[in-house]
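Trainee: I need the structure of the sequence given here:
(chains A and B)
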2 protein chains.
Amino acid sequence: MNALANGPSADVERAFARARALVAEDLARVDRLVVERLESRVPLIPQLARHLVAAGGKRIRPLLTLLAARLCGYAGSRHVGLAACVEFIHTATLLHDDVVDGSELRRGMPSANAIWGNKAPVLVGDFLFSRAFQLMVADGGLRVLEILSRASAIIAEGEVAQLGITGDVEADEERYLAVIEAKTAALFEAACRVGAAVAGRDEETEEKLGAYGRNLGIAFQLVDDALDYAADRERLGKSLGDDFREGKITLPVIVAIARGSATERAFWRRTLAELDQRPGDFERAVELVRRHDAIGETLRRAQAFGEAAKAALSGFPASPLRTAMLDLVDFAIARAH
Amino acid sequence: MNALANGPSADVERAFARARALVAEDLARVDRLVVERLESRVPLIPQLARHLVAAGGKRIRPLLTLLAARLCGYAGSRHVGLAACVEFIHTATLLHDDVVDGSELRRGMPSANAIWGNKAPVLVGDFLFSRAFQLMVADGGLRVLEILSRASAIIAEGEVAQLGITGDVEADEERYLAVIEAKTAALFEAACRVGAAVAGRDEETEEKLGAYGRNLGIAFQLVDDALDYAADRERLGKSLGDDFREGKITLPVIVAIARGSATERAFWRRTLAELDQRPGDFERAVELVRRHDAIGETLRRAQAFGEAAKAALSGFPASPLRTAMLDLVDFAIARAH
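Mentor: Numbers count the residues shown, from 1 in each chain, chains lettered A, B, ... in the order given. Below you'll find the predicted structure:
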């Protein structure tokens, strides 16, 4: 837990920087393309979207597309448009997530909905989704189109499924994993798969990269969910306790409930199912999660998925690109955002 | 105005039924495909989406795709999937519209957000958008993909632009027309264009059908906007005065403002710009709109766009299909939903 609260070590940060450096030119092209494709005759669109894009984010998902394509020996430039497409899908999802969750912070800055209300972010999110589809249509690769359109349906299903387990203190780890696999890991997986597809690699290679992305995505979300009960607000860049406040059922809570007493279960039911929350409740939740080692359990699970992600790359010959992708797993686990 | 309040004449209703009958089998296949593609592992998705689909709607947009394809001599079955795709885009837009507008009724039934709150409709809308993209990817035609992905970006832009003129009592007809051309007419146009594209027809033919759809769509929206100040609630199937309550600037209001006195402009400013609305205000708005013949003006404009839609089909040889498409224009103008 200390490692979490302190953020990633300097080593891991350096490894992440090295991974980015390997595709620095491609990443810069992705950034330019993203800004270019945010343009619209309607000024509010780039205004609102730039707020989110400018707020940073590590661009992990487009980075995956770039690295996966290069790992597969791709030497062209289609992967730039596809990486931008992946980032657009992600950004659209963020906008709609924040509306649905009523979040006030995103990446340490006021969320779009906190500034513009709910209406514009819903519609600008739709615009970003559409731009994503235009980018993949511009690519024109049928396999690429299949991967990305399928992923975006799975993401939406995952978001609705998450709504379904919100407040459900009976939800178990299996249901939780199904939700995060859909809402988060599906895009990590697709980001990697398109890298293989654009390089024209066979199904087996695509599947390996898909497994890498999927497992990495699950690990990433597990750490994110742990952070909500364990990180300090400044490092996190979002409000600590957001998940708790919204009654979201994440692994730390599932573990704490399973290991808790009847009194504790009554507490979770009141706070998460009935959303009857009083001053001091979040502090108690953090205390319970800590007492039952639920953060530790969540991070061990993340570690296991991280190992599975690394294992999926074992068939690729050693190279700086492969090393970078392995390091990315450590980075995601050390600090997931 | 009486014609509006009384709904379409029996003649026009019969013509609409004839148009549907011409492609009855195709329409039934579209309906089956829509229901089939609503399926999901997440039960809330078909549940919520079926509520909307079951609430009816005349399926005008998919009907356009079917008629346009047949008019172009298309004998295959790709148009069925594309018509379903068009309906999915439309349904997704409705869900997000109702959230953004806070509407309580849709097609005479409680809106999805009135039943499920705002969260699920935002996410299920995203799912429907994704399904639409999967349907077009399954089609695989590159021209088709271009038309539909471009239309969906334009629709989103139009929705955001509409937000921008909401409450802006200085907005003029030109800005209003730009908004409805994007938010409504773009999908009518795309629905027709894909009909030509799927039949492999040349650019000129596609452009003619596009012009038909675009002008029809503008006429359709003009009538819809007139209805909000002129129809009785039961016929309309949505709350009369919704546009007024939300401060939407539509042509009836633009005309009434332009022709009104300083006192009247102060009234519009208070009610639409400041949204300071009191009992009796809507009745006064209806009275002002009527006094300045603003509904008449709006309907004359609709009529003109309807004529342009018909003219766009003049190059096609006379046939029952062409007649049906001409009749559809009268139907849209007589009763726009």
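Trainee: When you work out contacts or count neighbours from here on, use the C-alpha atoms and nothing else.
Mentor: Will do.
Trainee: List the buried residues of stretch A:283-295.
Mentor: Buried residues in stretch A:283-295, counting neighbours by 16 or more other Cα atoms under 10 Å in any protein chain shown, are found at A:285-286, A:288-290, A:292-295.
Trainee: If we go by neighbour counts, what in stretch A:189-205 is buried?
Mentor: Of the residues in stretch A:189-205, those buried (16+ other Cα under 10 Å) are A:189-201, A:205.
Trainee: taking the buried residues of stretch A:283-295 one by one, which sit in strands?
Mentor: Among those, DSSP state E puts none in strands.
Trainee: and chain B, which of these contact it?
Mentor: For chain B, no contacts are drawn from these by Cα under 8 Å from any Cα of the partner chain.
Trainee: Chain A against chain B: which residues are in contact?
Mentor: For chain A, the residues in contact with chain B (Cα under 8 Å from any Cα) are A:40-42, A:44-45, A:96, A:99-100, A:118-120, A:122-124, A:126-128, A:130-131, A:133-134, A:137-138, A:140, A:142, A:145-146, A:149-150, A:152-153, A:156-157, A:159-161, A:163-164.
Trainee: Check the spatially most central residue of chain A and give its pLDDT.
Mentor: Central residue check for chain A by Cα atoms, centre = their mean: the C-alpha nearest the mean position is that of A:Thr184, 5.0 Å away. pLDDT, A:Thr184: 97.
Trainee: go on, A:Ala3?
Mentor: pLDDT at A:Ala3 comes out at 45.
Trainee: Ok, A:His51 next?
Mentor: 83.
Trainee: Can you tell me the closest non-neighbouring residue to the residue nearest to the centre of chain A?
Mentor: Excluding the flanking residues, the one nearest A:Thr184 by Cα to Cα, 6 or more residues apart in numbering or on different chains is A:Gly217, at 6.0 Å.
Trainee: ok, that neighbour to chain B distance?
Mentor: A:Gly217 sits 20 Å away from chain B, going by Cα to the nearest Cα, to the nearest Å.
Trainee: Equivalent analysis for A:Glu283, please.
Mentor: Distance from A:Glu283 to chain B, by Cα to the nearest Cα: 27 Å.
Trainee: which other helices and strands contact the helix or strand hosting that residue?
Mentor: Per DSSP states H and E, A:Glu283 falls inside helix A:281-291. On a contact count with 3 or more Cα pairs under 8 Å, 6 or more residues apart in numbering or on different chains; DSSP states H and E, helix A:281-291 meets helix A:203-230, helix A:251-259.
Trainee: got JSON lines for these, with mean pLDDT too?
Mentor: What follows is the helices and strands packed on helix A:281-291, written out as JSON lines (pLDDT from 0 to 100):
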{"stretch": "helix A:203-230", "mean pLDDT": "95"}
{"stretch": "helix A:251-259", "mean pLDDT": "97"}
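Trainee: need these in TSV with distance to B:Phe88, can you?
Mentor: Below are these laid out as TSV (distance: least, Cα to Cα, whole Å):
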stretch	distance to B:Phe88
helix A:203-230	28
helix A:251-259	35
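Trainee: which of those helices sits most buried?
Mentor: Scoring the helices and strands packed on helix A:281-291 by mean neighbour count under mean count of other Cα atoms under 10 Å in any protein chain shown gives helix A:203-230 as the most buried, with a mean of 25.
Trainee: what angle sits between it and helix A:281-291?
Mentor: On the basis of axes from the mean of the first three to the mean of the last three Cα atoms, to 10 degrees, helix A:203-230 is oriented at 120 degrees to helix A:281-291.
Trainee: From the chain's centroid, how far away is helix A:203-230?
Mentor: 8 Å (Cα atoms, centre = their mean, to the nearest Å).
Trainee: Ok, stretch A:127-136 next?
Mentor: Centroid separation for stretch A:127-136 versus its chain: 19 Å, with Cα atoms, centre = their mean.
Trainee: model confidence over it, on average?
Mentor: 96.
Trainee: Pull the residues that contact that stretch.
Mentor: With Cα atoms under 8 Å, 6 or more residues apart in numbering or on different chains as the test, stretch A:127-136 has contacts from A:37-38, A:81-82, A:84-86, A:88-89, A:91-92, A:144-145, A:148-149, B:133, B:146, B:149-150, B:152-154, B:156-157.
Trainee: Restricted to helices, list these.
Mentor: A:37, A:81-82, A:84-86, A:88-89, A:91-92, A:144-145, A:148-149, B:133, B:146, B:149-150, B:152-154, B:156-157 (DSSP state H).
Trainee: Which residues lie in contact with A:Val253 in this structure?
Mentor: Going by Cα under 8 Å, 6+ apart, A:Val253 touches A:289, A:294.
Trainee: same question but for A:Asp228, I mixed them up
Mentor: A:239-243.
Trainee: returning to what we had before: pretty sure the residue nearest to the centre of chain A sits against A:Ala219.
Mentor: No: counting by Cα atoms under 8 Å, A:Ala219 is not a contact partner of A:Thr184; they are 9.9 Å apart.
Trainee: ok, now how distant is A:Ile254 from A:Leu142?
Mentor: 40 Å (Cα to Cα, to the nearest Å).
Trainee: just for the stretch 201-337 of chain A, where's the confidence low?
Mentor: Across the stretch 201-337 of chain A, the ranges flagged by pLDDT under 70 are A:231-239, A:336-337.
Trainee: Pick out the residue of it closest to chain B.
Mentor: Nearest residue of the stretch 201-337 of chain A to chain B: A:Glu246, at 12.2 Å (Cα to the nearest Cα).
Trainee: which residues does that residue contact?
Mentor: Contacts of A:Glu246 by Cα under 8 Å, 6+ apart are A:101, A:166, A:272, A:275.
Trainee: so how far is A:Gln162 from it?
Mentor: Separation of A:Glu246 from A:Gln162 (Cα to Cα): 11 Å.
Trainee: tell me, how many neighbours does the spatially closest residue to A:Val42 that is not a sequence neighbour end up with?
Mentor: By the measure of Cα to Cα, 6+ apart, the closest residue to A:Val42 outside its immediate chain neighbours is B:Ala161, 5.9 Å from it. Number of residues near B:Ala161 (other Cα atoms under 10 Å in any protein chain shown) recorded here: 25.
Trainee: Work out for me the element B:Ala161 sits within.
Mentor: Residue-wise, B:Ala161 maps onto helix B:142-165 under DSSP H and E.
Trainee: That helix packs against which elements?
Mentor: Packing contacts for helix B:142-165, counted by 3+ Cα pairs under 8 Å, 6+ apart, involve helix A:44-54, helix A:119-139, helix B:119-139, helix B:173-180, helix B:186-198.
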